[in-house]
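1. Okay, predicted coordinates and the sequence, questions at the end:
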Protein chains: 6
Amino acid sequence: MELVPGNSLITATPEEGRALAVKLARLSVKATQPDGDVRQRLRPVYGENADSLIAVAQVVATEFATIAAANGYWR
Amino acid sequence: MELVPGNSLITATPEEGRALAVKLARLSVKATQPDGDVRQRLRPVYGENADSLIAVAQVVATEFATIAAANGYWR
Amino acid sequence: MELVPGNSLITATPEEGRALAVKLARLSVKATQPDGDVRQRLRPVYGENADSLIAVAQVVATEFATIAAANGYWR
Amino acid sequence: MELVPGNSLITATPEEGRALAVKLARLSVKATQPDGDVRQRLRPVYGENADSLIAVAQVVATEFATIAAANGYWR
Amino acid sequence: MELVPGNSLITATPEEGRALAVKLARLSVKATQPDGDVRQRLRPVYGENADSLIAVAQVVATEFATIAAANGYWR
Amino acid sequence: MELVPGNSLITATPEEGRALAVKLARLSVKATQPDGDVRQRLRPVYGENADSLIAVAQVVATEFATIAAANGYWR
């Protein structure tokens, strides 16, 4: 199972870096729960729960911090 | 869907950097839950829940750490 | 709404840096919930809940990490 | 009990670094709960709980940040 | 109210740095809830709750990361 | 009460660094709840709770990030 799309943290722009962060977070969940049906069943659960959505945002923020540092903050 | 407004982490001031952090956090939630009606319905849920508000502040703090580092802390 | 008092992360001392971290955390909550009455109503809720108080401390710790780095740890 | 497979944080690629992060997170749980039967019994509990899966992703993101820094972000 | 004992992050040893991290975490809670009676009443609540104790340890770990960096890891 | 075994963050290997991270996390809990009987009573509570085990892993990951940086990632 692919954990890092393109096997690189380097992206051309912050936007692409952010998309990678979102993708890494999702692939992390997939690595822990490979069953697509289960993940599909859980989608409306966290998708309509404020605290779950905030917790996802926390994961994305942590992944993005790593990717941004990897890219020298695209300065 | 735009994840990083202006596709840059560079801002003129800490205040702008902070506003960007708040925006990134919100766009993260939008990326996970694109349905505006659902997000609107959840607003009063997290907006009137102390722990949810604190969790949002945690996401903003994490995003701001990245943006502040990107801007050399506006020294 | 002001997000960063004084629009700077630079403080003379760790004590001032810490006070700024506490203030940034509170302004984050205010940015998410601008209604002062709601925030006032929630005060006793989180103020008398151990987990909420710990979660606030986590936000302050994260904000302080950024401010301390910005100030070269006041070495 | 082995905590760091290969006793090194250095990996050839981000993909391997990510796999190491997932492994470190799991070994952390094992270090806290060595009983395999208990961990096995808990698998469906967190595996089918959105918030638990998100919390695991948060641990992986934090471990990955360390491993990515260790590897100079595989630049 | 004092937020940073000694108004410095610099300590002679990791042990002192760790003690400072524990102290900063506690002073954070005090800054949010200045009422000593309330904090005293909450002590057995979080003191006998596994998740609360773990959450306190998370705050200490975050504070310690800042203090350790401030002291060049006491190398 | 000892908070940092050996009063140093420097270890020979990542494995030892990881063991130190686990130890620091446990000593943090001990610093907050010195009563060994209480901690013993709580062991099966968090030891058989998926979310508690994940939260412990999050603390270890945060401590390890500090220790790994202290050791230059054992490069």
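-> Alright, I've got the coordinates.

2. Output the contacting helices and strands for the lengthiest helix in chain A.
-> Ranked by residue count under DSSP state H, the longest helix found in chain A is helix A:50-70. Applying 3 or more C-beta pairs under 8 Å, 6 or more residues apart in numbering or on different chains; DSSP states H and E, one finds that helix A:50-70 contacts helix A:14-32, helix A:36-47, helix B:14-32, helix B:36-47, helix B:50-70, helix D:50-70. Just so you know, the C-beta spots here come from the backbone N, C-alpha and C atoms, and that holds for glycine as well.

3. For F:E48, find the nearest of those helices.
-> Relative to F:E48, the nearest member of the helices and strands packed on helix A:50-70 by C-beta to C-beta is helix D:50-70, separated by 13.8 Å.

4. Off-centre distance for the closest one?
-> Centroid displacement of helix D:50-70 relative to its chain, using C-alpha atoms, centre = their mean, to the nearest Å, is 7 Å.

5. now that helix and helix A:36-47, what's the angle there?
-> 100 degrees (axes from the mean of the first three to the mean of the last three C-alpha atoms, to 10 degrees).

6. buried set for helix D:50-70?
-> Going by neighbour count (16 or more other C-beta atoms under 10 Å in any protein chain shown), the buried part of helix D:50-70 is D:50-70.

7. just stretch A:30-38 next, same as before
-> Neighbour-count burial for stretch A:30-38 [16+ other C-beta under 10 Å]: A:30-33.

8. could those residues be laid out in TSV, adding distance to C:E15 and pLDDT?
-> Below are those laid out as TSV (distance: C-beta to C-beta, whole Å; pLDDT from 0 to 100):
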residue	distance to C:E15	pLDDT
A:K30	46	97
A:A31	44	96
A:T32	42	96
A:Q33	46	97
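
9. and those as TSV, adding distance to B:D37?
-> Formatted as TSV, those follow (distance: C-beta to C-beta, whole Å):
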residue	distance to B:D37
A:K30	27
A:A31	32
A:T32	30
A:Q33	27
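
10. Report the contact partners of A:A70.
-> With contact set as C-beta atoms under 8 Å, 6 or more residues apart in numbering or on different chains, A:A70 has these partners: A:9-10, D:68, D:73-75.

11. ok, now which ones touch the nearest residue to A:D51 once chain neighbours are set aside?
-> Closest residue to A:D51 apart from its sequence neighbours, by C-beta to C-beta, 6 or more residues apart in numbering or on different chains: B:S52 at 5.7 Å. With contacts defined as C-beta under 8 Å, 6+ apart, B:S52 is in contact with A:50-51, A:54, B:45-46.

12. Now with 10 Å, please.
-> B:S52 makes contacts with A:50-51, A:53-54, B:42, B:45-46, C:32-33, as judged by C-beta atoms under 10 Å, 6 or more residues apart in numbering or on different chains.

13. pLDDT score assigned to A:M1?
-> Note for A:M1: predicted pLDDT of 88.

14. now do A:V59
-> Confidence for A:V59, expressed as pLDDT, is 98.

15. wait, it sits on D:A65?
-> No. Counting by C-beta atoms under 10 Å, A:V59 stays clear of D:A65, with 11.5 Å between them.

16. Tell me the one of the contacts of A:A70 nearest A:L20?
-> Nearest to A:L20 among the contacts of A:A70, with distances taken as C-beta to C-beta, is A:L9, at 7.2 Å.

17. I am finished for the moment; much appreciated.
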